[in-house]
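# the following block contains a protein sequence and its predicted model.
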Protein chains: 2
Amino acid sequence: MLGAQGRAVHQCDRGWAPVFLDREQSISLMSVGFLLEKPDEAVVWRGPKKNALIKQFVSDVAWGELDYLVVDTPPGTSDEHMATIEALRPYQPLGALVVTTPQAVSVGDVRRELTFCRKTGLRVMGIVENMSGFTCPHCAECTSVFSRGGGEELAQLAGVPFLGSVPLDPALMRTLEEGHHFIQESPGSPAFAALTSIAQKILDATPACLP
Amino acid sequence: MLGAQGRAVHQCDRGWAPVFLDREQSISLMSVGFLLEKPDEAVVWRGPKKNALIKQFVSDVAWGELDYLVVDTPPGTSDEHMATIEALRPYQPLGALVVTTPQAVSVGDVRRELTFCRKTGLRVMGIVENMSGFTCPHCAECTSVFSRGGGEELAQLAGVPFLGSVPLDPALMRTLEEGHHFIQESPGSPAFAALTSIAQKILDATPACLP
């Protein structure tokens, strides 16, 4: 999605050098995908090995000075999530950004994620509803493909901020597929406005750490 | 999705009695969800504990005579998948039914699943493409919300059968949300035809085990 497939991680004197997306080095990445010899290789790893790598991704990568470190986890409440929380605890993470789709079966999973955050002492920064309705590009009518409103209801129920809904947007999907720059190419698309508003709410709610 | 939330598992003399969906006991279920005291409880379990439960779900449940045992796993190639394959190996499973969405980022994950199946000696019965296009209920125009054709291309590339595409279908979503019976209520919907055809292909390709 970020156009970094096939890039490699190099060793530098302070550890692994992350993959930089742009010349200004404003976004740096680390992923197990960069460490595989073949892109189709399956990471058939049990919990302890995954946990060790997650710790290394925090401690052994030469991240340099970061404004934000974003960890994108799979859904669930499993080894990856526990290892991430443990590895980041000394750095006092701002919290978890919890993403759901609107339908009941997804909201049910996310309720368990919220319980997990509470149990592990991780603040919930807010809930985002993804895949929230689809506006037909042919007739401009909007359909709730996956139901609607589940994210907002859950946020109210759990007493955490609701940060917004991101609609299904073929323009976003297409730029991700083709490795193009969504912000430059589709500033008028429905998902753009939604994502910008959510990002602004997160920035407003987090301590000023920018110079 | 199956309307079994809140049902409980009971002990019988041959082990755990599964949850039956209908009076004829034609579909029986087992899920960790049935074992939790509260539905919001997070299953914060590391690999070894999950592996042990998966083994118990095979050996300690009074399944009786089954025509088919379907194990619905999360995406990935992790503890759950290895434990399932190990627990079922003595029963010579028919194989894996691999589901992808059409976009490149999902197909990439599924390529790794195929490698995993090859490594572990599990036959791939075929690939299904889900969320494959959306027909607007207002104007009947079809939009490829998540790109299209990725599943079929992958099947050709990997030399495994392509079993079909299931479109995004608000009728399917609504019946699942409301706990209704999709087969009875929406026999004319686009997803119904697709799912019926895929099920028939799987039945045709599996040995006759029905009486």
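Arrived safely, thanks for sending.

# low-scoring stretches of chain A, by residue?
Chain A contains residues with pLDDT under 70 at A:208-211.

# pick out the residue in it sitting closest to chain B.
A:Gly47 (3.2 Å; CB to the nearest CB). The C-beta positions use only the backbone N, C-alpha and C, and glycine is treated the same way.

# ok, the nearest residue to that residue once chain neighbours are set aside - contacts?
Closest residue in space to A:Gly47, ignoring its immediate chain neighbours: B:Gly47 at 3.2 Å, by CB to CB, 6 or more residues apart in numbering or on different chains. B:Gly47 makes contacts with A:46-48, A:78-79, B:78-79, as judged by CB atoms under 8 Å, 6 or more residues apart in numbering or on different chains.

# how far away is the residue of chain A closest to chain B from B:Phe57?
Distance, A:Gly47 to B:Phe57, using CB to CB, to the nearest Å: 19 Å.

# can you pull the phi/psi pair for the residue nearest the centre of chain A?
Centroid-nearest residue in chain A: A:Asp72, 4.0 Å away (criterion: CA atoms, centre = their mean). The phi/psi pair for A:Asp72 (degrees, to the nearest 10) reads phi -90, psi 110.

# returning to that earlier point: the residue nearest to A:Gly47 and B:Ile54: what is the separation?
10 Å.

# same thing with A:Lys55?
Per CB to CB, A:Lys55 is found 26 Å from B:Ile54.

# neighbour-wise, which of those two wins?
Shown here are A:Lys55 and B:Ile54; by other CB atoms under 10 Å in any protein chain shown, B:Ile54 has more neighbours (23 against 15).

# how far does the helix or strand hosting that one sit from the chain's center?
For B:Ile54, the element it lies in under DSSP states H and E is helix B:47-59. Here helix B:47-59 is found 18 Å from its chain centre; the criterion is CA atoms, centre = their mean, to the nearest Å.

# packing partners for the next helix or strand after it?
Next in sequence after helix B:47-59, counting helices and strands by DSSP H and E, comes helix B:79-88. With contacts defined as 3 or more CB pairs under 8 Å, 6 or more residues apart in numbering or on different chains; DSSP states H and E, helix B:79-88 has these neighbours: helix B:47-59, helix B:104-120.

# check contacts around the closest residue to A:Met125 other than its chain neighbours.
Leaving aside its chain neighbours, A:Met125 sits nearest to A:Gly95 (4.1 Å; criterion: CB to CB, 6+ apart). By CB under 8 Å, 6+ apart, the residues touching A:Gly95 are A:117, A:122-125.

# got it, and A:Gln56?
With CB under 8 Å, 6+ apart, A:Gln56 has these contacts: A:Trp16.

# is A:Val9 in contact with A:Ser28, as I believe?
No: using CB atoms under 8 Å, A:Val9 makes no contact with A:Ser28, being 10.6 Å away.

# and A:Trp16, that's in a strand?
Yes: under DSSP: H, G, I helix; E, B strand; the rest coil, A:Trp16 falls within a strand.

# any idea what it is bridged to?
Note on A:Trp16: beta-bridge partners A:Gln11, A:Val61, judged by DSSP bridges.

# number of residues surrounding it?
Neighbour count of A:Trp16, defined by other CB under 10 Å: 18.

# what does the one 10 residues further on give?
Applying other CB under 10 Å, we find 9 residues neighbouring A:Ser26.

# can you pull the contacts of the residue sitting furthest away from the middle of chain A?
The C-alpha centroid of chain A is most remote from A:Cys139, which lies 31.7 Å away (CA atoms, centre = their mean). Contact partners of A:Cys139, counting by CB under 8 Å, 6+ apart, are B:136, B:138-139, B:141.

# before we move on, what SS does it have?
A:Cys139 - assigned by three-state DSSP - is coil.

# how close does it get to A:Gly151?
Distance from A:Cys139 to A:Gly151, by CB to CB: 26 Å.

# got it, and A:Ala104?
Per CB to CB, A:Ala104 is found 11 Å from A:Gly151.

# more crowded one of those two?
Using other CB under 10 Å, the more surrounded residue of A:Ala104 and A:Gly151 is A:Gly151, with 27 against 17.

# list the contacts of the more buried one.
Contacts of A:Gly151 by CB under 8 Å, 6+ apart are A:100-102, A:107, A:127-129, A:132, A:162, A:165.

# can you tell me the helix or strand for it?
Under the criterion of DSSP H and E, A:Gly151 resides in helix A:150-158.

# how does chain A divide into domains?
Per the TED database, the domain ranges recorded for chain A read A:10-93, A:95-210.
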